[in-house]
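**Q** model this:
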Amino acid sequence: MKSCRFYLNRALMVVGIVLGLVACSQLHTTPLSTVDSGPKNSPDQGKQILSDNAKQKRAEWKTKTFDEFKAQTYKEPFEGGKYIVNGDTPILNEKLLQEFFETRIKESSNSREGVRTKLTVHQVNGQDAVWNSVEKQQLTYCVSKTFGANYEKIKADMEAAGNAWEAVAAVNFIYVGGEDDSCTASNQNVVFDVRPVNVNGQYLARAFFPNEQRSSRNVLVDNSSFQLDPNGKLSLQGILRHELGHTIGFRHEHTRPDSGTCFEDSNWRPLTSYDAFSVMHYPQCNGKGDWTLNLTNIDKNGAACLYGPAQGFTIDTSICQGPDEPPGPIACGPKTETFVGQSVAKNAEQTYGPFMVVPGTLVEVVMHGEASPGDPDLYVRFNQDPTTTAYDCRPYLSGAEEKCVLDVPTNGTAVHVKVRGYSAAHFNLTVTHTPTH
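**A** Reported below is the predicted structural model:
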């Protein structure tokens, strides 16, 4: 699963790689000379071997079960620990892991191979997973004092990594030092927490995407991130630049399955032309950058295209793809509608709305559980009724505490809400929206 492969004529050496795992160029201690170093294949032959190996692995997965996949997936060993896929991408719970397996592993056997050809933003069911117009200016975080001797370093490097993104895009990472004594996943006074973990090098660090709920919004840094080769190019600051890219919605420029090749699923949207030097692109995976993980010109413009430019930064409009149209005028102020004492049976559905909305405004849908709430799932969609496979927001958590906050798109006229019973459930629901009249 953790592999940086050098294809030789008579031997294949596997060593640890990637930000989410262990950078082979920085931490590997076994010299390459220990490998049988017969004549090397050409780059084209190496790519063909990677491709053939990937096809074989995908074919093998067609016959495997979710239980087999789950058994081979690393899960963080602490309370609230998440499953880790694609090196440093966390999955909150087993029902989301099963969905990942069914939609990304089993059904991706015919997906295209090779690195994708765009700088991309993460999507959930076809919609960009990004911070809304208010949230992007309030990305507050704390840094746990349990970093101990590394506390001052992680604070300084987090600030520098945040500054790199703030210099180009209209986002604002705000350090709230007063929350450091209680910097946990349950701290509701910050958007996300930065904490140390010890996962024995399973990843150097991992983060989250903007669509995640508060308990999942963590930047976790393994002890190995403080043990990098001081003469190497990989640094904690570079790692954090990469991880903060995830927190504002950027996908890897590739992902790496067990087969050791680069591939991508379908949950992304192009922002720019392909950038092999990107901060979100691992160098060893057909990338051309290095382990400094600095933002490239395309990274900078991609972030500015997505969130708007930072003050003083001018977007190169030739790089951006698909700019949004400005929203229309607002007709009246926000309105909150409340539904109390609601219930739903297992596999049954309750629908609410449609609620009229104005493009460019915010919609907030909040579900709270009552006593013994069960497990209802919230679905929200613009202009049409949501389904289990078509929605704009679906937290899909265990329990009844779920929330969706969305910017109304330029073509949005109404928002539709549905609650489906993963198990029988009781809940209250509030919908806050700006109607047209």
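**Q** what sits against residue 188?
**A** residue 214 (C-beta atoms under 8 Å, 6 or more residues apart in numbering). (C-beta placed from N, C-alpha, C; glycine too.)
**Q** For it, what is the enclosing helix or strand?
**A** Using DSSP states H and E, residue 188 is not contained in any helix or strand.
**Q** Quick check: phi and psi at it.
**A** phi -90, psi 0 (degrees, to the nearest 10).
**Q** Please tell me how far it sits from residue 155.
**A** Note on residue 188: its distance to residue 155, by C-beta to C-beta, to the nearest Å, is 21 Å.
**Q** what about the stretch 251-400 of the chain, any weak spots by pLDDT?
**A** Low-confidence segments of the stretch 251-400 of the chain (pLDDT under 70): 252-291, 321-332.
**Q** quick one: the strands in it?
**A** Applying DSSP state E, counting those that start in this stretch to the stretch 251-400 of the chain gives strands spanning 268-273, 335-344, 349-356, 362-369, 376-382.
**Q** just those strands: most buried one?
**A** Among the strands of the stretch 251-400 of the chain, strand 376-382 has the highest mean neighbour count (mean count of other C-beta atoms under 10 Å), at a mean of 25.
**Q** follow-up on the earlier one: now the strands of the stretch 251-400 of the chain as a markdown table including distance to residue 231?
**A** Output for those, formatted as a markdown table (distance: least, C-beta to C-beta, whole Å):
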| stretch | distance to residue 231 |
| --- | --- |
| strand 268-273 | 33 |
| strand 335-344 | 58 |
| strand 349-356 | 59 |
| strand 362-369 | 49 |
| strand 376-382 | 50 |
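**Q** Surely residue 244 and residue 169 touch.
**A** No: counting by C-beta atoms under 8 Å, residue 244 stays clear of residue 169, with 11.0 Å between them.
**Q** excluding its backbone neighbours, what's nearest residue 129?
**A** In space, and not counting its chain neighbours, residue 129 is closest to residue 211: 4.0 Å by C-beta to C-beta, 6 or more residues apart in numbering.
**Q** tally of neighbours for that neighbour?
**A** Neighbours of residue 211 under the rule other C-beta atoms under 10 Å: 22.
**Q** Now do it against residue 405, distance only.
**A** In terms of C-beta to C-beta, residue 211 sits 10 Å off from residue 405.
**Q** for residue 379, same thing?
**A** 15 Å.
**Q** repeat for residue 152
**A** Distance, residue 152 to residue 405, using C-beta to C-beta: 34 Å.
**Q** For the helix or strand harbouring residue 196, give me every contacting residue.
**A** Secondary-structure assignment from DSSP H and E places residue 196 in strand 192-197. By C-beta under 8 Å, 6+ apart, the surrounding residues in contact with strand 192-197 are 76, 78, 139-144, 146-148, 150, 154, 158, 183-185, 187, 208, 217-223, 247.
**Q** Residue 134 against residue 361, yeah?
**A** No: the criterion here is C-beta under 8 Å, and residue 134 misses it with residue 361 at 10.6 Å.
**Q** Mind checking which of those two has more residues around it?
**A** residue 361 (23 against 10).
**Q** The nearest residue to the more buried one once chain neighbours are set aside: how many residues sit nearby?
**A** Nearest in space to residue 361, with sequence neighbours left out and distances taken as C-beta to C-beta, 6+ apart, is residue 434 at 3.9 Å. Neighbour count for residue 434, taken as other C-beta under 10 Å: 20.
**Q** swap in residue 130?
**A** Residue 130 has 21 nearby residues by other C-beta under 10 Å.
**Q** how near is the nearest residue to residue 313 once chain neighbours are set aside to residue 407?
**A** In space, residue 313 comes closest to residue 168 once its chain neighbours are excluded; the distance is 5.0 Å by C-beta to C-beta, 6+ apart. Applying C-beta to C-beta, the value for residue 168 to residue 407 is 21 Å.
**Q** Could you check how far residue 340 is from residue 367?
**A** From residue 340 to residue 367 the distance is 12 Å (C-beta to C-beta).
**Q** show me what contacts residue 382?
**A** Counting by C-beta under 8 Å, 6+ apart, residue 382 has contacts 357, 392, 406, 408, 409, 411, 412, 413, 414, 415, 416.
**Q** what would the residues you listed look like in a markdown table with neighbour count, secondary structure and distance to residue 202?
**A** Below are those laid out as a markdown table (neighbours: other C-beta atoms under 10 Å; DSSP: H, G, I helix; E, B strand; the rest coil; distance: C-beta to C-beta, whole Å):
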| residue | neighbour count | secondary structure | distance to residue 202 |
| --- | --- | --- | --- |
| 357 | 24 | coil | 43 |
| 392 | 23 | coil | 33 |
| 406 | 22 | strand | 34 |
| 408 | 22 | coil | 40 |
| 409 | 18 | coil | 38 |
| 411 | 9 | coil | 43 |
| 412 | 20 | coil | 41 |
| 413 | 14 | coil | 46 |
| 414 | 17 | strand | 45 |
| 415 | 25 | strand | 40 |
| 416 | 19 | strand | 40 |
